[in-house]
Every structure is written in C-alpha cells, then in structure tokens.
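Colleague: build me a model:
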Amino acid sequence: MRFLAAAMLFTTAVAVPAPAAVATPPCSGHVGLTFDDGPTPGNTSALLNALKRAGLRATIFNTGRNVEANPALARAQIAAGMWLGNHSWDHPFLTRLPEAEQVSQITRTQDAVRKVTGVTPALFRPPYLDTNDALRAVQRRLGLTEINTDVDSRDWDNASVDQIVAAVDKLQDGDVILMHDWPPNTVAAIPAIAASLRARGLCPGKISPVTGRAVAPGTHALHGVHTVGRVDDRGAGVRYTWPGVYFEGRFRGDTVGIVLDDPVNDYQVRIDDLPPVTLVTPGRTTHWVRDLAGGTHTVRVAKRTESPWSPGQFGGFVAGPGGALLDAPAARSRQIEFIGDSWTAGYGNVSAGRDCTTTGGVDRNTDADQSFAALTARTLRADYQLNAWSGMGMVRNYDGSNPDVDYRTYYHRALQAADTAAWQRPRSWKPRIVVVGLGINDFSTALHTGERWADEAALATDYQQAYLGFLDELRDRYGPHTQIVLTYPSMWNTTALATSITRIVEQRATAGDRRISALHYDNDTLGLDLLGCDWHPSAHDHRQLAGALTAHLRSLPIRW
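Modeller: This is a model prediction of the structure:
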C-alpha cells in the first residue's frame, strides 16, 4: 500500500500550526483518521495544510526511514496537532522476516521518531496490514498496540475522491479508516471528508492504545479511577506488570464497562460487595457488567497473575447507557508496600492441590487479590502495592537460575523485565509500612558447582550484606519513620535464612534503626499445609499468614 511518486523528490518542509479552536456542535462519536507511509516531501505538507483548513486531526503512521530522511516534516506533523504511530522502518512484509528483524524494524522506527519529535509512539500498523500472532506478540513485548483498520479507503488503489468519501461515510463511532500520505485524491478529498463527518456528528478521535478504537482527544484512562500500583501512564491507557495492581471506580447506573487489552493475565472483577468474577486472559475488550440495580456502585478490577515480560493495559471504566462515571473513590489514608517472591505474589494459592498441571497450571490457580498481602491490607483498610516476582531472591534466584540478575535488578522499575525505565514514584505514595519477604529462593536449593559462593556460609554473608544495602535504599526512599518488617518462613533444609534475618535486624538496631522488625511464619504454629501449586501456601495458608502479619503490624507503634 505504499507507492513512491516522483513528487517525493522535492524537499519542501512547512511547519503548520495546530488547528485553531472553532465552535463545533457536540460529538455523537469519534472516528480515527489515519494516514500511512509519511513523512514525504511535498505530499506531507499538502496533507497537513488540507487537514488544518478542515479542522481535522489524524494519526499518521510513519516509516522510520522517512522520519530520519525528513525530520522537519515529522516535526511539522506534531506542530499540526497530529498523533504519530509506527509503520516499520522501510515497509516490508514483516511476517516474512525472522523475529530479530521484526524487532529491528520496529525499534529503529521508535528510536527515530523519539529522537526527531520527542514522541514515543504507542501504536503500530503493520505494512500491507500483514500480521499474525507471532508479530503481535513482538509488538506487545515492545509496548505497542497493533492498529489494523475497520474501513479501507483504497486510496492506495487509485480510488477517486468520491470513492474515498464514500468509504468515510461507512465510519461509525470508534472506527478507524486507512488512508495514505501520498495519493493526490486523498488530499483533495479532505474537505468532503470533514463535511461528511460533521453531517453525522462524528469528530476526529485519538486512537486508544488499549482498545484500538477512536476516543475523544484528552480521554484519560485514570480519570475517575483510584490506583496506587506501579503503572506506565500513557493517557488513554496505562500499562503494568506487577501482580495485584488494582483499579477502583464509582458509577451511577445499571451497567459499567471495563476497558482492557491483555491476552496474558487473569483479572478479578468485583461490583460493590457482590461475589467476584474472574476474567481469564480477556484480550482486547470492553467487559460489560450489566443488569445491576439502579443507583451508585463501586467497581474494582485487580490483576490476579504475574507477567514480568508482558504488560497488561487498562483503558478506564465506561458508563453504560443513561449512566455516568463519578469521582474516583477516595484514597485510603493507610499505605503498605509488599516486596517479595512467589509467596507474596500468591503463586498457585487457589489450587486444589500441589500438582496443578491438570487444572490450568499456575496462572489459572493464582489470585494475587487473595494473597496474604492483599488480605492484610484490606483488613487494615490500607492501599497497597504488591511488588513480587516468583523465583527471585536477594542475591540468588531459585536453584541458581539467571545468575546475572536478582530481585534488586528490577525493584525500581515500573514494568519489571518489559521495560528498563524506572518507576516515577508519585508524591502521594508514602507507605508507613514496608513488608519484605526475600530469601526463600536464596536458600531453598543447594548450591551448584560453578556458582559464585563456595558454600552456604559465603552465600549467607553475601545475602546479609545485600539485604542491608537494600534496606538503606528503602530508608532513603521512604524516610526514617516507615516501619520495615522482614518476614521469613520455616525452611526444611537450612537455618541460614532465619539466622541471617536475625543478624540483619540486630545490626540495624545497633546502628540506631529501631523501626525494623522480623516476623517468622512458623509452619507448625500457623498450621500451614502448603497445598498450593508446587508446595506453595494454599488459600487457607494465606489467610493464616495474613492473620499473623496483621497481628504483628497492629503491635507496632504506628501513627497512621
């Protein structure tokens, strides 16, 4: 769908100002106007001028090679109020390329657009609309949402002005239409396109990176939403990977929609105090909850599962017909941060037995919203973060795996392994309690030949030093008044973990830090059955752990 006309040989760069604000009737819906293959000399300037005169905004899917060759035109697109998407580096059939080349095509374009315009695209359109599940998986891993099309203008196939406008006439609320940067008939059709949209009360919309649908510009996923989780806020959508991230809202009416794009994770949805409903890998959807009693309701959606490499996306809550979204629920005055591994994440906690391979595997049997961390926070009426990663340790991961990284590698990140960017802690996040549970993976398996510790004593020394350094970081982040609780279970094979935690607390106390305490989860005292997947705590155990932790926290001198 890309043709290079002779006109592209001319180099004219025109910076077009953003469209002036004009009085327009209310919008009955929004549509996504998209133009592929830019920026190109001559063509892009003509297109931007036509869009400006018509008062239209659009999403322009540029190729990286053209952005690099025509940086002034790419900046002119931004100046004209357009949104930018990624259309690969040089427009190949991507499904015919190996994965490494697909990644290169996409990332080179991301880098070029970011370098030239300062914008990081969140949308990707595959050249020729050529795609498959493997390519979509690459896009998701790179933080991009694939945008195909609802209506094809066929301007790439010499469609006339009338034919292009007739295609636009098919658009309905939320739809996206495919057009291109270079056909002269497309530019000529812009005034009639604007007239067609106005006649039907449709306005140009911004394409949501969560739903792939056109929405009102300025739509914000977190408008009217309460969350304290680590999220990558992209306006119309937020991304996240840490387990247990939750979003809460309020609405009036009998119907509410939950906008999600996540083919990997499961979610727990609760309306008011009704029994929760589980969404299994919902994909890109608006999940509707209908037939509620009229009136005011609360809605809560929580991520049940772990996905360190695959971000989920939340696009906000949507009121049903005749309803309305209300102000976000008030933030809770208490805040707790949980740091840990599979125990904290709720790994396999709702399984009927230790072998869960025949009942859907670990993901289907995990519910972070029913972990001891979530249960404790709700009992204490606290907001919380659940920053846990199964298999990770303070210095050594389970069975010595991935020796070049450990939990501390990822703790500061917003999206764990999916993105190296650090989480920008909002000023509102000031937990008075931090509960740390790291060490099971460091000591639960025997050292192997070739690991960097000569014996368990050397491992324990390294673990203690690293833990002390991690506590220094937490103190720097949250201040001297935050209570930090170091938790640890009974270990069947060693006392090294218990001894290490005791020494760490003693050293901190000797140094004058008396707001650090230890809590031992004694298996026998608590009656833990470890009937979750792979000998992990069961739902019963998590209730027992929550009870022990809640009692410990209530014993601390905390003013909150």
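
Colleague: and the helices in the stretch 451-560 of the chain, which stretches?
Modeller: Using DSSP state H, counting those that start in this stretch, the helices of the stretch 451-560 of the chain run over residues 456-478, 496-510, 523-526, 539-555.

Colleague: winner for burial among these?
Modeller: With neighbours taken as mean count of other CB atoms under 10 Å, these reach their highest mean count in helix 539-555, at a mean of 18. Backbone N, C-alpha and C define where each C-beta goes, glycine included.

Colleague: how about the helices of the stretch 451-560 of the chain in TSV, adding mean pLDDT and distance to T344?
Modeller: TSV is the format used below for the helices of the stretch 451-560 of the chain (pLDDT from 0 to 100; distance: least, CB to CB, whole Å):
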stretch	mean pLDDT	distance to T344
helix 456-478	98	15
helix 496-510	98	15
helix 523-526	95	16
helix 539-555	98	10
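
Colleague: got those helices as JSON lines, with distance to A189 columns?
Modeller: Output for the helices of the stretch 451-560 of the chain, formatted as JSON lines (distance: least, CB to CB, whole Å):
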{"stretch": "helix 456-478", "distance to A189": "55"}
{"stretch": "helix 496-510", "distance to A189": "70"}
{"stretch": "helix 523-526", "distance to A189": "71"}
{"stretch": "helix 539-555", "distance to A189": "60"}
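
Colleague: nearest to S310 among these would be which one?
Modeller: Closest of the helices of the stretch 451-560 of the chain to S310 is helix 539-555, at 24.6 Å (criterion: CB to CB).

Colleague: what's the offset of that closest one from the middle of its chain?
Modeller: 30 Å (CA atoms, centre = their mean, to the nearest Å).

Colleague: can you give the contact residues for it?
Modeller: For helix 539-555, contacts defined as CB atoms under 8 Å, 6 or more residues apart in numbering pick out 336, 343, 346, 349-350, 370-373, 375-376, 379-380, 433, 435, 483, 485, 487, 517, 519, 521, 526-532, 537.

Colleague: those residues in strands, which ones?
Modeller: Among those, the subset assigned to strands under DSSP state E consists of 336, 433, 435, 483, 485, 487, 517, 519, 521.

Colleague: roughly how far does the fifth one sit from D383?
Modeller: When you say that, I think you mean V485. 17 Å (CB to CB, to the nearest Å).

Colleague: how near is K303 to A368?
Modeller: K303 sits 7 Å away from A368, going by CB to CB.

Colleague: now for those two: what residues contact both?
Modeller: With CB under 8 Å, 6+ apart as the test, K303 and A368 both reach 243-244.

Colleague: if we can go back for a sec, what subset of the contacts of helix 539-555 is buried?
Modeller: For those, a burial check counting by 16 or more other CB atoms under 10 Å picks out 336, 343, 346, 349-350, 370-373, 375-376, 380, 433, 435, 483, 485, 487, 517, 519, 521, 526, 528, 531-532, 537.

Colleague: quick check: bridge partners of the most centrally placed residue in the chain?
Modeller: Among the residues of the chain, the one closest to the centroid is R239, at 1.5 Å (CA atoms, centre = their mean). Beta-bridge pairing of R239 under DSSP bridges involves D232, Q313.

Colleague: contacting residues for it?
Modeller: By CB under 8 Å, 6+ apart, R239 lies in contact with 143, 231-232, 311-313, 415, 418.

Colleague: mind picking the lowest-pLDDT entry from those?
Modeller: Here the lowest pLDDT out of the contacts of R239 sits on G143, with 90.

Colleague: that one reaches A421, doesn't it?
Modeller: No - using CB atoms under 8 Å, G143 makes no contact with A421, being 10.0 Å away.

Colleague: what touches both of the two?
Modeller: Jointly contacting G143 and A421 under the rule CB under 8 Å, 6+ apart are D232.

Colleague: looking at these two, which is more packed in?
Modeller: G143 (22 against 12; other CB atoms under 10 Å).

Colleague: what sits against that one?
Modeller: Shown in contact with G143 (CB under 8 Å, 6+ apart): 122, 232, 239, 311, 418-419.

Colleague: now do 7 Å
Modeller: Contact analysis of G143 by CB atoms under 7 Å, 6 or more residues apart in numbering lists 239, 311, 419.

Colleague: and for A236?
Modeller: Residues counted as contacts of A236 (CB under 7 Å, 6+ apart) are 206, 208-210, 215, 219-221, 315.

Colleague: now rank those by neighbours and give me the top one.
Modeller: With neighbours defined as other CB under 10 Å, the most crowded of the contacts of A236 is S208; it has 30 neighbours.

Colleague: just give the nearest non-adjacent residue to it, would you?
Modeller: Nearest in space to S208, with sequence neighbours left out and distances taken as CB to CB, 6 or more residues apart in numbering, is A236 at 4.4 Å.

Colleague: off-centre distance for stretch 234-242?
Modeller: Its chain's C-alpha centre lies 4 Å from the corresponding centre of stretch 234-242 when counted by CA atoms, centre = their mean.

Colleague: distance of the closest residue in space to T445 that isn't next to it in sequence from T409?
Modeller: In space, and not counting its chain neighbours, T445 is closest to D399: 4.5 Å by CB to CB, 6+ apart. Relative to T409, D399 is positioned 18 Å away (CB to CB).

Colleague: for L471, which residues are in contact?
Modeller: L471 touches 484, 508, 516, counting by CB under 7 Å, 6+ apart.

Colleague: CSV please, covering these and showing distance to T357.
Modeller: Formatted as CSV, the contacts of L471 follow (distance: CB to CB, whole Å):
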residue, distance to T357
I484, 37
R508, 42
I516, 40
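
Colleague: quick check, nearest of those to E68?
Modeller: Nearest to E68, judged by CB to CB, of the contacts of L471 is I484 at 49.0 Å.

Colleague: is that closest one bridged to anything, and to what?
Modeller: Counting by DSSP bridges, I484 is bridged to V434, I516.

Colleague: just V259 next, same as before
Modeller: Per DSSP bridges, the residues bridged to V259 are T286, G316.

Colleague: tell me where the stretch 301-450 of the chain has helices.
Modeller: Secondary structure of the stretch 301-450 of the chain (DSSP H, counting those that start in this stretch): helices at 342-345, 361-364, 372-379, 407-410, 440-443.

Colleague: now for the third one, which elements pack on it?
Modeller: Using 3 or more CB pairs under 7 Å, 6 or more residues apart in numbering; DSSP states H and E as the contact criterion, the neighbours of helix 372-379 among helices and strands are strand 382-388, helix 539-555.
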